[in-house]
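> pasting a predicted model and its sequence here:
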Amino acid sequence: MATDLATDALDIAGIDAFYGDSHVLHGVSFTLRPGRLLGLLGRNGAGKTTCMNTIMGFLKPKRGSISLFGEHVGGLAPDTIARKGICLVPQGRRMFRSLTVRENLMVAAQRTRGAGGRPGWTMDRVFDLFPRLKERHAQFAGSLSGGEQQMLAIGRALMGNPRVLLMDEPSEGLAPQIVAEVGRIIAQLKAEGQSIVLVEQNIRLALELADDIAIINTGVVVHKGDAKAIKLDDAIVSQHLGVF
Amino acid sequence: MQWQFWIVQTLNSVSFGGLLFLLSSGFSLAFGLMRIPNLAHGAFFMLGAYFGATVVYFGGDFWLAALAAGVGVGIVGIALERFILRPLAGNVQGQVLVTLGISFIIADVCLLVWTGDPWTVPAPPAMRRPLLVAGFAFPTYRLVVVVIALVAAVALYFLMERTRLGAMIRAGVDDMEMARGVGIPVSLLFTVVFLLGAVLAGAAGAFGGPILNAYPGLDADMLPLALIVVILGGAGSLLGAFVGSFIVGFLYNFGIALFPDLAYFILFLPMLLVLVFMPQGLFGRAAP
């Protein structure tokens, strides 16, 4: 849609968030442009997952605004936010363990949004993307391997026909060849024009896939920039992310 | 004579188990999804028994009585969920206590309306004669209750395991926050499940009338049994509610018939063992 190209896909402006009394996010701001991939990096406990949870509505921001293609979604209920088109691949995958693979996808299905003229996601398209899931469609999600669960978590998020896809550490705890496959899938989604926020501890993977980078440290955004520039700048990486 | 005793006690146990399943299946689903035990559930059952008794008293058909009890208690349930539990969302303690308060209010209203004397409910005329098979007499009405419970069990199984709505409810039981995160309108599911539980409890009360009568204190007699069923079977598990209901049905009936002094001990001992060794219940899911 024309308006999709004119406005930012996701605009986070001055978010403050708390877990109980502890102030976790301090005025976090970043912007995801349509069809691009923003890598959100930072050390353990920097606030990346809190950021994702706040965007998804699991955590209500105390201050600041969150807009999806110009529409304010900050403070709405998570199911409303999901239906507006923000879909999450959560940290730890969080499958519905007592549902089958097919049911996990079925309960997450949302109506198709004409996002950039791309075809909507259906169960068949998810099964085309992940043939392994098709083979295991009648199995309970709790019985899948880690890699298969990650694929199901991605497939489940896609069933929501996301306008913005949030991916929280999709490579966590996976074998190297599965990480490579997840990376290939993310690249393919991006090539199809999907707007993505990718949280990663695997900096190499994130720098490979991202167009833009935001680095977050103890709840504050400490660096924003072009991914290519950061790839060449060892000082930024070692200063904010420690080892490389 | 001895055989007749065992057969009748077995059938009593199975039919009481069937009633308990009608009572506790909705209780268990609501417990699993909303994370709170609805302590007014026993009062729902009693209210259903009184509604049913009243319809029959005024010459209504027995099936109409069960329908009226289901609908009437369903309305009470939806009012409780929408107007009292919903505003307390997030306050688990408050929600549990308010359901307890509601159960006292319902009990007092019942005492006011239906007096302190028990209302006996006759079984439908066609079901009063015992069924004679191979020289043994079977109480026909209890057999019908067993069939009703089995039909309800199959229907609930179909709803929970074969429909998108059922899958959404199970997703909510598994991980409520994530269920919201994939766009499932969980608060609407609360209402649906609570309504379903209230309708089932009300109908169960009407079906229980000819077996238990309607009397003050019926609510307090039934609620602990429903709690035991859910603790045995695991909150949110339909299979657990099914198996647990029949276990409790047998323990309760045979306990009273054979060891009347120890009936409650026999009833609560398995619950204690399950709590100690399998805190999630026989069919409940371990917390992730």
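Perfect, I can see it now. All of these numbers come straight from a predicted model, not from anything done at the bench.

> helix, strand or coil for the residue most central in space within chain A?
Among the residues of chain A, A:Leu166 comes closest to the average C-alpha position under C-alpha atoms, centre = their mean, at 1.7 Å. On the three-state scheme (DSSP: H, G, I helix; E, B strand; the rest coil), A:Leu166 is labelled strand.

> helices of the stretch 101-250 of chain B, residue ranges please.
Using DSSP state H, counting those that start in this stretch, the helices of the stretch 101-250 of chain B run over residues B:140-162, B:164-174, B:176-181, B:186-212, B:218-233, B:238-258.

> need those helices in a markdown table (columns: distance to chain A).
In this view, the C-beta of every residue, glycine as well, is placed from N, C-alpha and C. Rendered in a markdown table, the data for these read as follows (distance: least, C-beta to the nearest C-beta, whole Å):
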| stretch | distance to chain A |
| --- | --- |
| helix B:140-162 | 9 |
| helix B:164-174 | 4 |
| helix B:176-181 | 4 |
| helix B:186-212 | 6 |
| helix B:218-233 | 14 |
| helix B:238-258 | 11 |
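
> can you put those in TSV and add mean neighbour count?
Conversion of the helices of the stretch 101-250 of chain B to TSV gives the following (neighbours: other C-beta atoms under 10 Å in any protein chain shown):
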stretch	mean neighbour count
helix B:140-162	17
helix B:164-174	23
helix B:176-181	23
helix B:186-212	24
helix B:218-233	23
helix B:238-258	22
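
> turn those into CSV, including mean pLDDT.
Converted to CSV, the helices of the stretch 101-250 of chain B look like this (pLDDT from 0 to 100):
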stretch, mean pLDDT
helix B:140-162, 95
helix B:164-174, 94
helix B:176-181, 96
helix B:186-212, 95
helix B:218-233, 95
helix B:238-258, 94
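
> now that we have the ones you listed, can you turn them into a markdown table and tack on distance to B:Ala123?
Compiled in a markdown table, the helices of the stretch 101-250 of chain B are given as follows (distance: least, C-beta to C-beta, whole Å):
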| stretch | distance to B:Ala123 |
| --- | --- |
| helix B:140-162 | 4 |
| helix B:164-174 | 33 |
| helix B:176-181 | 42 |
| helix B:186-212 | 4 |
| helix B:218-233 | 17 |
| helix B:238-258 | 18 |
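
> endpoints of stretch A:65-82, how far apart?
In terms of C-alpha to C-alpha, to the nearest Å, the two terminal residues of stretch A:65-82 are separated by 17 Å.

> so what touches that stretch?
Counting by C-beta atoms under 8 Å, 6 or more residues apart in numbering or on different chains, stretch A:65-82 makes contact with A:3-4, A:7-15, A:34, A:54-58, A:60-61, A:64, A:84-86, A:88, A:110, A:160, A:163-164, B:177, B:180-187, all of which sit outside it.

> and with 6 Å instead?
For stretch A:65-82, contacts defined as C-beta atoms under 6 Å, 6 or more residues apart in numbering or on different chains pick out A:4, A:7, A:10-13, A:55-58, A:60-61, A:84, A:160, B:180-183, B:185.

> quick one: name the residues of chain A near chain B.
For chain A, the residues in contact with chain B (C-beta under 6 Å from any C-beta of the partner chain) are A:56, A:58, A:78-79, A:82-83, A:88, A:94, A:96-99, A:103, A:106-108, A:110, A:160.

> could you list the low-pLDDT ranges of chain A?
Residues of chain A meeting the criterion pLDDT under 70: A:1-6, A:112-118, A:243-244.

> please report how far the nearest residue to A:Asn44 once chain neighbours are set aside lies from B:Val55.
Of all residues beyond its chain neighbours, the one nearest A:Asn44 is A:Gln201 (7.4 Å), with distances taken as C-beta to C-beta, 6 or more residues apart in numbering or on different chains. Counting by C-beta to C-beta, to the nearest Å, the gap between A:Gln201 and B:Val55 amounts to 65 Å.

> ok, these two, which is more surrounded?
The residue with more neighbours, out of A:Gln201 and B:Val55 and counting by other C-beta atoms under 10 Å in any protein chain shown, is B:Val55; that gives 22 against 15.

> so which elements touch the helix or strand the more buried one falls within?
Using DSSP states H and E, B:Val55 sits in helix B:41-57. Judged by 3 or more C-beta pairs under 6 Å, 6 or more residues apart in numbering or on different chains; DSSP states H and E, helix B:41-57 is in contact with helix B:62-79, helix B:92-114, helix B:186-212, helix B:218-233.

> buried residues of that helix, list them for me.
Neighbour counts over helix B:41-57 (16 or more other C-beta atoms under 10 Å in any protein chain shown) mark B:41-56 as buried.

> which one of those residues sits closest to chain A?
Within the set of those, B:His41 lies nearest chain A; the separation is 23.5 Å, counting by C-beta to the nearest C-beta.

> ok, the closest one touching B:Phe27?
Yes. Here B:His41 reaches B:Phe27: they are 4.7 Å apart, a contact under C-beta atoms under 6 Å.

> what touches both of these two?
Common contact partners of B:His41 and B:Phe27 (C-beta under 6 Å, 6+ apart): B:Ala226.

> the longest helix in chain A is where?
In chain A, with assignment by DSSP state H, the single longest helix is helix A:176-191.

> walking through chain A, point out its helices one by one.
In chain A, the helices defined using DSSP H lie at A:2-6, A:48-56, A:78-84, A:101-107, A:123-129, A:131-135, A:146-159, A:176-191, A:203-209, A:227-232, A:234-241.
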